[in-house]
Every structure is written in C-alpha cells, then in structure tokens.
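>>> I would like the atomic coordinates for the input below:
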Amino acid sequence: MKSKDLANLLEVPPSTISDILNKKKKINMDIAKKLYQKLGVDPKILLA
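Sure thing, here's the model as predicted:
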C-alpha cells in the first residue's frame, strides 16, 4: 500500500503519513485508533 493510499484510508493528510514514516512525528492516539479500526493493527504495539 502506498502512503497516499494509507492517508486516504485513515482520512489524514498524506504529509502526516510521510512525517510518521520519516520519524518526524510519532503515531498519536487518533492515528493508532484509525489503524486499529481500518486495518486491525493493535494500538498497544504502535504506542509502545
């Protein structure tokens, strides 16, 4: 999945995904929640 596709799926700006992937931002609770709801990713792993 491309980062643009992930951004669309999570309903966040593509720059947010880019910043997370480039370690400029950390995954926050809102993004973790969306990743869980849309993809089933355990937020405990993401926020650890």
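>>> how about the helices of this structure, start to end?
Assigned by DSSP state H, the chain shows helices spanning 3-10, 14-21, 29-39, 43-47.
>>> distance from stretch 27-40 to the middle of the chain?
Distance of stretch 27-40 from the chain centroid (CA atoms, centre = their mean, to the nearest Å) equals 6 Å.
>>> which of the residues in it are buried?
By neighbour count on 16 or more other CB atoms under 10 Å, the buried set for stretch 27-40 is I27, I31, A32, K34, L35. No exception for glycine: its C-beta is placed from N, CA and C like everyone else's.
>>> how near is the residue lying closest to the last one once chain neighbours are set aside to I17?
With CB to CB, 6 or more residues apart in numbering as the measure, V41 is the residue that lies nearest to L35, at 4.3 Å, once sequence neighbours are left out. Distance, V41 to I17, using CB to CB, to the nearest Å: 14 Å.
>>> out of those two, which sits in the busier spot?
The residue with more neighbours, out of V41 and I17, is I17; 21 against 14, by other CB atoms under 10 Å.
>>> test my guess that that one contacts S3.
Yes. In terms of CB atoms under 8 Å, I17 counts as a neighbour of S3; the distance is 4.5 Å.
>>> which neighbours do the two have in common?
In terms of CB atoms under 8 Å, 6 or more residues apart in numbering, I17 and S3 are not both contacted by any residue.
>>> which residues sit against the helix or strand bottoming out on mean pLDDT in the chain?
Across the helices and strands of the chain, mean pLDDT, DSSP states H and E gives its lowest value to helix 43-47, namely a mean of 88. Applying CB under 8 Å, 6+ apart, the contact partners of helix 43-47 are I27, M29, I31, A32, K33, L35, Y36.
>>> that'll do, ta.
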